[in-house]
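*Asks:* kindly generate the corresponding structure for this input.
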Amino acid sequence: VSGGPSYVFPGTFAAPPPASLPLITSDEDGERAAAALTRPGNWEPGEWGELIAGELGEWAMAVHDRAPVSICFSPAKNATAAEAGIWTRADFRGRRLAPAVVAAWSERERRNKQVLFYSTSAANHASQSVARTLGLTPLGWIWTLR
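*Replies:* Residues are numbered from 1 along each chain as shown. Model (predicted):
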């Protein structure tokens with residue numbers, strides 16, 4: 001049994017500090033730019049292709065030296081809601097990139113979805129800090145039984 005807090009994005013939320021690296025999003029220009037990036041090792045080639053083509057929903061990335069170092073995407077979604085999934089390369093953690101890419105993702109995803117969620121594990125304090133930085137509204141606790 002494991003669990004963690006879940007949050008909902010309010011209609012407006014606190015703007016994060018500006019990103020220290022360039023951000024690209026899942027618009028036409030961003031998809032072209034992402035196609036030229038080096039795929040992170042934790043993404044399988046087919047999965048990466050689906051992400052940058054927009055097949056997995058909206059996304060936003062912070063980029064350094066032609067490689068994504070922080071990515072927010074939609075791992076779970078339906079017709080009215082989407083959940084933020086965030087990954088930041090270990091050597092770029094602690095630089096406030098995650099709040100910036102999550103905020104950029106939400107701007108893209110909010111165009112098509114009524115409700116946006118953000119969930120994390122109880123032990124992931126860095127991820128909970130992202131939710132606090134953005135002023136997300138606590139929704140409850142998600143439990144996972146395995």
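
*Asks:* which strand or helix spans the spatially most central residue of the chain?
*Replies:* Residue closest to the average C-alpha location in the chain (CA atoms, centre = their mean): residue 72, at 2.0 Å. Using DSSP states H and E, residue 72 sits within strand 67-77.

*Asks:* what's that strand packed up against?
*Replies:* Secondary-structure packing of strand 67-77 (3 or more CB pairs under 8 Å, 6 or more residues apart in numbering; DSSP states H and E): strand 59-64, strand 81-88, helix 97-109. Where C-beta positions appear, they are placed from N, C-alpha and C, glycine not excepted.

*Asks:* in it, what counts as buried?
*Replies:* By neighbour count on 16 or more other CB atoms under 10 Å, the buried set for strand 67-77 is 68-74, 77.

*Asks:* dump these to CSV, plus distance to residue 31.
*Replies:* Formatted as CSV, the buried residues of strand 67-77 follow (distance: CB to CB, whole Å):
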residue, distance to residue 31
68, 13
69, 18
70, 18
71, 14
72, 15
73, 13
74, 15
77, 18
